[in-house]
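> fold the following, please.
(2 chains)
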Number of protein chains: 2
Amino acid sequence: MRLTKTIDELRVIVKGRKDNNNKIGFVPTMGALHQGHLSLIKRAKNENEIVVVSIFVNPTQFGPKEDYKTYPRDIERDYNLAVESGADIVFNPELSEIYVDEASTFVQVEGDITNKLCGKSRPTHFKGVTTIVNILFNIVSPDCAYFGQKDAQQAVIINKMVRDLHMNINIIVCPIVREEDGLAMSSRNIYLSDEERKQAIILNKALKIVTEKFNDGEKKVEKLKSLIIDTIRTQDLASIDYVEILDYNNLKEIEYIKEKSLVAVAVVFGKTRLIDNVIIG
Amino acid sequence: MRLTKTIDELRVIVKGRKDNNNKIGFVPTMGALHQGHLSLIKRAKNENEIVVVSIFVNPTQFGPKEDYKTYPRDIERDYNLAVESGADIVFNPELSEIYVDEASTFVQVEGDITNKLCGKSRPTHFKGVTTIVNILFNIVSPDCAYFGQKDAQQAVIINKMVRDLHMNINIIVCPIVREEDGLAMSSRNIYLSDEERKQAIILNKALKIVTEKFNDGEKKVEKLKSLIIDTIRTQDLASIDYVEILDYNNLKEIEYIKEKSLVAVAVVFGKTRLIDNVIIG
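Prediction:
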């Protein structure tokens, strides 16, 4: 088990093990690990000989008014959690190790896929995500990389980047892990006040209600969206950012649910923006 | 020796050979091979066990009014030239093999480095170049990749992309190869009329004159630029696109030549745009 802060050292370790035809599984994180992250690490450990976990709070995916500076950082805690879950190597680089000499190269998935949903209220977010994920892929050279379904749009975008740029990496998207009361795990849940935390379960509730309604035969997107909106609005601290139902594969607008569809919501409680989603159809 | 048109086949061949710890040298080209390209292939053969040459006329690096459709294509001729010069594998994919399913991911080096020189008159060119080179690097996974000094700005930009994205590839920039009369080799030289071809040697002449003047002690960029402009203007078919003298490492403006500097010219003859450069200081 190794903690490394430098690219050169990481490459030496990975290369040494890769020569034995060992498969490398990779879990990129920003730290503040919760059960969602740990489920990715466990899955990676099941499917690969070597698991690399990166912990790097990436500034370029935060907007100017977002929580880059206050994002929770505790490398000792995260390191221990990662190791307990199966990480063989934890990569925790300094900012200057990743972004050198006025770095100005960006990887961007253009078009609707990045402009809608979270891309609307966070216009530079996904450009930052695809760039750092591309960089980390180049550093780690994994066979498989693991992402959470919670960040559904991110998963679709990274899949597209990997396909478009012909990166030879298998992207594996793992199920959302939830608190007992149904709230999707997120490093930002700790920001919620007690009252906000109570009301926040409405996201999951709304998604459950709409899934039931769909299973009962309602396929019209407009009706299903209204149902979600009405449900969330029962909570006085909830302010809706978006409620969308889109084709899961390309995030295109649909009128009726025929194929696999993504039901995605973003709701702001005070200063905290929460997202959740479910796939139906 | 193998000619392959598919990514999967190329990967199988490269992987098979890479397992023996063979080094892979890569020469990306758009075909229409001339002695400049062949010098890259020979150099790659000297420094690597396996040499991959790609031949792919990349549409995204051509502007809407440029010569994508008429760019010279002769795969049989190019294949034979590449093999004679030391290529082990020639990769000649169809357009649809590279750009699949409405590909919309781009790799872009932002800022001055791409906006000036050729970037000014070809605003989308380098975005297309960095994207296709990134894609080809992901497909070939070379240890070393070879580029010509003739496309000086391209070489600087690709070096920056590789550094910024931490691609584990050694970029090697090789000297300009010239016709006997000094004209830099280019796949576009064949577009020149007899009279244009005669006058085109003025680019190299102007660069030689300015190098002499610099060696004689003139360090002021403004004076050296004027000398180049005056020299090129002696030819009535020559229309100057740019004459620039910049810091070689970052392409920043300079007033006096102190460090390694790039003297770069672009001149249009009829429908043909020629570039040339020299490094001084």
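> what's the burial count for whichever residue of the stretch 1-150 of chain A sits closest to chain B?
Nearest residue of the stretch 1-150 of chain A to chain B: residue A:105, at 3.5 Å (Cβ to the nearest Cβ). Bear in mind the C-beta positions are built from the backbone N, C-alpha and C, glycine included. Neighbour count for residue A:105, taken as other Cβ atoms under 10 Å in any protein chain shown: 26.
> and residue A:21, by the same measure?
8.
> helix, strand or coil for it?
Classification of residue A:21 using DSSP: H, G, I helix; E, B strand; the rest coil returns coil.
> which residues of the stretch 101-250 of chain A lie near chain B?
The interface of the stretch 101-250 of chain A toward chain B, taken as Cβ under 8 Å from any Cβ of the partner chain, is made up of A:101, A:103-111, A:113, A:130-131, A:134-135, A:138-139, A:141, A:160-161, A:163-168.
> helices - which of these land there?
In helices, defined here by DSSP state H, the members of those are A:113, A:130-131, A:134-135, A:138-139, A:160-161, A:163-164.
> where do the helices sit along the stretch 51-200 of chain A?
Along the stretch 51-200 of chain A, counting by DSSP state H, counting those that start in this stretch, helices occupy A:75-85, A:95-98, A:112-115, A:118-121, A:125-140, A:152-164, A:194-199.
> surely residue A:26 touches residue A:136?
Yes: with contacts counted by Cβ atoms under 8 Å, residue A:26 reaches residue A:136, the gap being 7.4 Å.
> now do the shared contacts for these two.
Common contacts of residue A:26 and residue A:136, defined by Cβ atoms under 8 Å, 6 or more residues apart in numbering or on different chains, comprise residue A:54.
> neighbour-wise, which of the two wins?
residue A:26 (27 against 21).
> thinking again about what came up before, so the residue of the stretch 1-150 of chain A closest to chain B is in contact with residue B:109, correct?
Yes: the pair residue A:105 / residue B:109 is scored as a contact, 4.8 Å apart, by Cβ under 8 Å.
> intersection of neighbour lists for the two?
B:130, B:160-161, B:164.
> nearest to residue A:59, of those residues?
Closest approach between the shared contacts of residue A:105 and residue B:109 and residue A:59, by Cβ to Cβ: residue B:164, at 14.6 Å.
> which is the next helix or strand following the one helix or strand in chain A whose mean pLDDT sits lowest?
In chain A, the helix or strand scored least confidently by mean pLDDT, DSSP states H and E is helix A:7-18, which has a mean of 89. Remark: after helix A:7-18, the chain's next helix or strand is strand A:24-29, criterion DSSP states H and E.
> hmm, who's touching stretch A:165-176?
For stretch A:165-176, the external contacting residues (Cβ under 8 Å, 6+ apart) are A:36, A:39-40, A:43, A:47, A:107, A:134, A:137, A:142-150, A:155, A:158-159, A:161-162, A:184-185, A:276-277, B:7, B:11, B:98, B:105, B:107, B:131, B:134-135, B:138-139, B:141.
> give me the buried entries from the residues you listed.
Listed as buried from these are A:36, A:39-40, A:43, A:107, A:134, A:137, A:142-150, A:155, A:158, A:161-162, A:184-185, A:276-277, B:7, B:11, B:98, B:105, B:107, B:131, B:134-135, B:138-139, B:141; burial here means 16 or more other Cβ atoms under 10 Å in any protein chain shown.
> name the SS class of the nearest residue to residue A:252 once chain neighbours are set aside, please.
Nearest residue to residue A:252, sequence neighbours excluded (Cβ to Cβ, 6 or more residues apart in numbering or on different chains): residue A:246, at 6.3 Å. Of the three states, residue A:246 takes strand under three-state DSSP.
> how close does residue A:246 get to residue A:254?
Noted for residue A:246: a distance of 6 Å to residue A:254, by Cβ to Cβ, to the nearest Å.
> ok, residue A:196 next?
Separation of residue A:196 from residue A:254 (Cβ to Cβ): 32 Å.
> neighbour count: those two, which is higher?
The neighbour count for residue A:196 versus residue A:254, taken as other Cβ under 10 Å, is higher for residue A:196 (19 against 16).
> nearest spatial neighbour of that one, skipping sequence neighbours?
Using Cβ to Cβ, 6+ apart, the nearest residue to residue A:196 is residue A:269, at 4.0 Å.
> now do the contacts for residue A:275.
A:118, A:150-151, A:184, A:186, A:203, A:264-267 are the contacts of residue A:275 under Cβ under 8 Å, 6+ apart.
> Throw the residues you listed into TSV and include pLDDT, thanks.
Supplementary listing: the contacts of residue A:275 in TSV, determined by pLDDT from 0 to 100:
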residue	pLDDT
A:118	95
A:150	97
A:151	97
A:184	98
A:186	96
A:203	98
A:264	98
A:265	98
A:266	98
A:267	98
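> in strands, which of those residues appear?
Among those, the members falling in strands (DSSP state E) are A:264-267.
> out of those residues, which touch chain B?
Okay, of the ones in strands among the contacts of residue A:275, nothing touches chain B (Cβ under 8 Å from any Cβ).
> tally of neighbours for the residue nearest to residue A:71 when sequence neighbours are not counted?
In space, and not counting its chain neighbours, residue A:71 is closest to residue A:57: 5.2 Å by Cβ to Cβ, 6+ apart. For residue A:57, the count of nearby residues is 18 (other Cβ under 10 Å).
> one more: residue A:69?
9.
> model confidence score at it, please.
On the pLDDT scale, residue A:69 is placed at 95.
> kindly report the same for the one 10 residues further on.
The predicted structure scores residue A:79 at 97 on the pLDDT scale.
> and what of residue A:1?
61.
> from residue A:127, how far off is the residue in the stretch 151-281 of chain A positioned nearest to chain B?
Nearest residue of the stretch 151-281 of chain A to chain B (Cβ to the nearest Cβ) works out as residue A:164 at 3.6 Å. Residue A:164 sits 14 Å away from residue A:127, going by Cβ to Cβ.
> what does residue A:142 give?
From residue A:142 to residue A:127 the distance is 22 Å (Cβ to Cβ).
> buried residues in stretch A:225-245?
A:225, A:227-228, A:231-232, A:235, A:237-238, A:241, A:243-245.
> do the same with stretch A:56-68
A:56-58, A:60-62, A:67.
> looking at those residues, which is nearest residue B:77?
residue A:60 (45.2 Å).
> quick check: that closest one vs residue B:212, distance?
46 Å.
> swap in residue A:215?
82 Å.
> and if you look at residue A:86?
Relative to residue B:212, and taking Cβ to Cβ, residue A:86 is found at 66 Å.
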